[in-house]
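Peer 1: how does the following fold in three dimensions:
(chains A and B)
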Protein chains: 2
Amino acid sequence: MDPSLTISIDAMGGDTGPHTVLNGLELVARKNSDVRFMLFGDEPTLKAELDKHPLLSSRAEILHCVSAIQMDEKPSQAIRSGRGRSSMWRAIEAVKDGRASACVSAGNTGALMAMAKICLKTLPEIQRPALAGFWPTTKRDSIVLDMGATIGADAQQLVDFALMGCAMARAEFNEERATVGLLNVGVEEIKGLEPIREAGSILRHLDLEHLDYRGFVEGSDIGQGIVDVVVTEGFSGNIALKTAEGTARQVASYLREAMSRSLFARLGYILARGAFRQLKRKMDPSRANGAIFLGVNGVVIKSHGAASPKGFANAVDLAARMVQNRLLEKLSEEMRSIQELTIAQADRLATGTE
Amino acid sequence: MDPSLTISIDAMGGDTGPHTVLNGLELVARKNSDVRFMLFGDEPTLKAELDKHPLLSSRAEILHCVSAIQMDEKPSQAIRSGRGRSSMWRAIEAVKDGRASACVSAGNTGALMAMAKICLKTLPEIQRPALAGFWPTTKRDSIVLDMGATIGADAQQLVDFALMGCAMARAEFNEERATVGLLNVGVEEIKGLEPIREAGSILRHLDLEHLDYRGFVEGSDIGQGIVDVVVTEGFSGNIALKTAEGTARQVASYLREAMSRSLFARLGYILARGAFRQLKRKMDPSRANGAIFLGVNGVVIKSHGAASPKGFANAVDLAARMVQNRLLEKLSEEMRSIQELTIAQADRLATGTE
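Peer 2: Numbering: from 1, shown residues only, chains lettered A, B, ... in the order given. Next comes the predicted model:
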């Protein structure tokens, strides 16, 4: 591991604030002795919390901020009130200045996206960043983007999402190629919305080194892990994600109800409690916590506002992995490869060889 | 029950064809002695199947058709090849002619929608019909529309969907009022796509006798049964539905894996098998089978192509309920009430009282 890995933390973000954030960082510090933290937020509050964590104290520095973004502020309002001074802005700024390698916040998603775009700027080839997260499947996790950061996308933006998701998958799984699918209402080429069909046609005709395009996937395919990366615009991505969360909760509540219904069921539950614990671990939402804003000039991770300390720690681990596995370099590679391909195609067209 | 209830059946539809369809009808015939069937399809095939069901034989009549719509035909192609002659068209036509009260098909969804529109016509006030189905929740089932029959919808169409869903909920639950929500990516009024926000604003300002508008609902709310009717356009509706199906299957596979992992787990499974059977029943997709094309001049039910005989029987039961509880009358009531309201509002505006 890079001995100088420093992660900047918006310590005021999340539904429960600094308490959960610092408990999460403590978990990271215990496992990983090489990572250091810059804690942005209200100094007296953070100092009091940090005093409870001697190990973490030795690896963390508090940087006082006069304000914090509220969970329900509109992004435009957050920019006006928090630019240059809020814990969220300054945590991002530390990445821009090179003082930190990545930033993690459990705060307001829209504000984090807006601040990351303004402070870090988007990559030159990218029209619009996307929020990419993990989706637990019956195989290894898949990456899904956009998870709801922006609504709607045209064909070119969907192709950009596919390339960015591919770079993230390569960084996450440490593999040369990633499989990619477009979320649609059917697998036939004629199905669905025009931008999706057009993006599918572009991806099918590109011959990219790292991206293995597998066509359309349906909602029921996501949890089967049939591709590394599922691409969709943010509205459908958010509907899919929340519907899956709701359904998992619903099945869990059916199961609880069934297992407490009779004496035999309760005895069976006791005998099989190891199995139920395993099931619970598999369905623990903190396991897949941590989403990343792809397409900005830096690694910015969003932790769920309601994440547990363990969940926050997973988001920080993701930040570390993305830095160590050189996400930004891989993103640039993908973007360069498609530019070269486009230029080569234009040349071929101009010289009449195609 | 209406002693003259006759249901027309596209007996050639579905992945497994007449065999499953007739086994399903047999289940209905055993429970319900007052319903009669018109079976449209290839006479020799149907005759051979029907001979295995003496009870059903006494309540069913075969009407020979020279063609059947394939599951993968495009709607336009299906209309060209099957208009006036296919089992699907003629089953719908029986509703138009008044020989049957409702029609059920497990065939090609797009073709069924197109034929229902052309043969039965849409209700005069409706721009576009929608496919409405049931969604099992932790309370009673909710109704969700559109489930994927048409892609995209403007604000007025979403309002129409809300009114049609409301009429269906009143017919299904036999209640005076139904609660309705619009599917969106957040519950705040500023969130989401413009047509949804606009539909929300219209519904909030209407003061309808039967429709209790409850605002936006998110993907995670659907399975909690917080409203009787969830309104969305077909793309999101299909993504949500299939994602829920996939997630339920995924959790079930985790559970199976966990319960077969150790001797204790297997013993526990055996003790609690009554509870697991209960869980399986709750999650059985055939329970919620049967969706309805709302907005056409007749009751047309779509059974899932892969439905079991029990599932097909549920779709037929739905057809019977919708006829007995006067769905079409209730649809007309909703449409009249909104027209009257619009006229009254226009009057108030014209006379300056508003």
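
Peer 1: what residues does the stretch 1-150 of chain A put near chain B?
Peer 2: A:K74, A:T137, A:T138, A:G148 (CB under 8 Å from any CB of the partner chain). Glycine gets a C-beta too; all of them are placed from N, C-alpha and C.

Peer 1: change it to 10 Å
Peer 2: A:D72, A:K74, A:G110, A:W135, A:P136, A:T137, A:T138, A:G148 (CB under 10 Å from any CB of the partner chain).

Peer 1: tell me which of those residues fall in helices.
Peer 2: If you go by DSSP state H, these have A:G110 in helices.

Peer 1: quick check: which ranges of chain A have low pLDDT?
Peer 2: For chain A, the stretches flagged by pLDDT under 70 are A:1-3, A:345-346, A:349-354.

Peer 1: please tell me how far the residue most central in space within it sits from chain B.
Peer 2: In chain A, the centroid-proximal residue (CA atoms, centre = their mean) is A:A291; its distance is 1.6 Å. Separation of A:A291 from chain B (CB to the nearest CB, to the nearest Å): 15 Å.

Peer 1: return the residues in contact with that residue.
Peer 2: Contacts for A:A291 were tallied using CB atoms under 10 Å, 6 or more residues apart in numbering or on different chains; they are A:109, A:130-134, A:143-149, A:241, A:300-304, A:315, A:318.

Peer 1: and it, backbone torsions?
Peer 2: phi -120, psi 160 (degrees, to the nearest 10).

Peer 1: please report how far it lies from A:E176.
Peer 2: 24 Å (CB to CB, to the nearest Å).

Peer 1: what does A:K31 give?
Peer 2: Counting by CB to CB, the separation of A:K31 from A:E176 is 28 Å.

Peer 1: A:A114 too?
Peer 2: 34 Å.

Peer 1: between the two, who's got more neighbours?
Peer 2: Ranked by neighbour count (other CB atoms under 10 Å in any protein chain shown), A:A114 and A:E176 place A:A114 first, with 20 against 8.

Peer 1: next, that one: secondary structure please.
Peer 2: On the three-state scheme (DSSP: H, G, I helix; E, B strand; the rest coil), A:A114 is labelled helix.

Peer 1: that one contacts A:P75, doesn't it?
Peer 2: Yes. Between A:A114 and A:P75 there is a contact under CB atoms under 10 Å: 3.9 Å.

Peer 1: ok, back up a step: from the residues of the stretch 1-150 of chain A next to chain B, list the buried ones, please.
Peer 2: Taking 16 or more other CB atoms under 10 Å in any protein chain shown as the criterion, what is buried in the residues of the stretch 1-150 of chain A next to chain B is A:G110, A:W135, A:P136, A:T137, A:T138, A:G148.

Peer 1: now the two most distant members of those.
Peer 2: A:G110 and A:T138 (32.4 Å; CB to CB).

Peer 1: and the strands in chain A?
Peer 2: A:6-10, A:36-41, A:60-64, A:102-105, A:130-135, A:142-145, A:178-183, A:211-217, A:229-231, A:291-294, A:299-302 (DSSP state E).

Peer 1: how about the ones you listed in CSV, adding distance to B:P285?
Peer 2: Listed next are those as CSV, based on distance: least, CB to CB, whole Å:
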stretch, distance to B:P285
strand A:6-10, 43
strand A:36-41, 48
strand A:60-64, 51
strand A:102-105, 40
strand A:130-135, 22
strand A:142-145, 23
strand A:178-183, 21
strand A:211-217, 20
strand A:229-231, 23
strand A:291-294, 31
strand A:299-302, 35
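
Peer 1: OK, contacts around A:V299?
Peer 2: A:7, A:95, A:100-104, A:116, A:120, A:171, A:292-293, A:318-323, A:327-328.

Peer 1: swap the cut-off to 6 Å and go again
Peer 2: A:V299 is in contact with A:A102, A:A319, A:M322, A:V323, counting by CB atoms under 6 Å, 6 or more residues apart in numbering or on different chains.

Peer 1: next, count neighbours for the last one.
Peer 2: Counted by other CB under 10 Å, the residues lying close to A:V323 total 22.

Peer 1: so it touches A:V104, yeah?
Peer 2: No. Taking contacts as CB atoms under 6 Å, A:V323 lies outside contact range of A:V104: 11.4 Å.

Peer 1: intersection of neighbour lists for these two?
Peer 2: Residues touching both A:V323 and A:V104 (CB under 6 Å, 6+ apart): none.

Peer 1: helices of chain A, start to end?
Peer 2: Here chain A has its helices, by DSSP H, at A:18-31, A:43-50, A:54-57, A:75-82, A:87-96, A:109-120, A:155-173, A:194-205, A:219-222, A:234-259, A:263-271, A:273-283, A:309-324, A:327-351.

Peer 1: these: which one's closest to B:G41?
Peer 2: helix A:219-222 (29.7 Å).

Peer 1: okay, that closest one in PDB with CA atoms only?
Peer 2: Output of helix A:219-222 as PDB, limited to C-alpha atoms (Å, rounded to 0.1, in the frame of the first residue of the first chain):
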ATOM      1  CA  GLY A 219     -34.200  -5.600 -14.100                       C
ATOM      2  CA  SER A 220     -34.400  -9.200 -13.200                       C
ATOM      3  CA  ASP A 221     -30.800  -9.800 -14.600                       C
ATOM      4  CA  ILE A 222     -29.100  -7.300 -12.300                       C
END
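
Peer 1: rewinding a little: apart from its neighbours in sequence, what residue is nearest the residue nearest to the centre of chain A?
Peer 2: A:G133 (3.5 Å; CB to CB, 6 or more residues apart in numbering or on different chains).

Peer 1: list the contacts for that neighbour?
Peer 2: Counting by CB under 6 Å, 6+ apart, A:G133 has contacts A:V144, A:M147, A:A291.

Peer 1: what do you get if the cut-off is 10 Å, keeping everything else the same?
Peer 2: So A:G133 contacts A:141-148, A:168, A:237, A:241, A:288-292, A:302, A:304, A:318 (CB under 10 Å, 6+ apart).

Peer 1: how near is the closest residue to A:L5 other than its chain neighbours to chain B?
Peer 2: Ranked by CB to CB, 6+ apart and with sequence neighbours excluded, the top spatial neighbour of A:L5 is A:V35, at 5.0 Å. Per CB to the nearest CB, A:V35 is found 32 Å from chain B.

Peer 1: for A:V35, what are phi and psi?
Peer 2: According to degrees, to the nearest 10, A:V35 has phi -100, psi 140.

Peer 1: can you report how many residues neighbour it?
Peer 2: The burial count for A:V35: 25, using other CB under 10 Å.

Peer 1: ok, it touching A:V28?
Peer 2: Yes. In this structure A:V35 lies within contact range of A:V28 using CB under 10 Å: 6.4 Å.

Peer 1: any common contacting residues for the two?
Peer 2: A:I7, A:R59, A:V316, A:D317, A:A319, A:A320.

Peer 1: which residues does the closest residue in space to the second one that isn't next to it in sequence form a beta bridge with?
Peer 2: Nearest in space to A:R59, with sequence neighbours left out and distances taken as CB to CB, 6+ apart, is A:R36 at 5.0 Å. Listed by DSSP bridges, the beta-bridge partners for A:R36 are A:T6.

Peer 1: ok, A:R36 - contacts?
Peer 2: Here A:R36 is in contact with A:P3, A:S4, A:L5, A:T6, A:I7, A:A29, A:S58, A:R59, A:A60, A:E61, A:A100, A:S101 (CB under 10 Å, 6+ apart).

Peer 1: thank you, goodbye.
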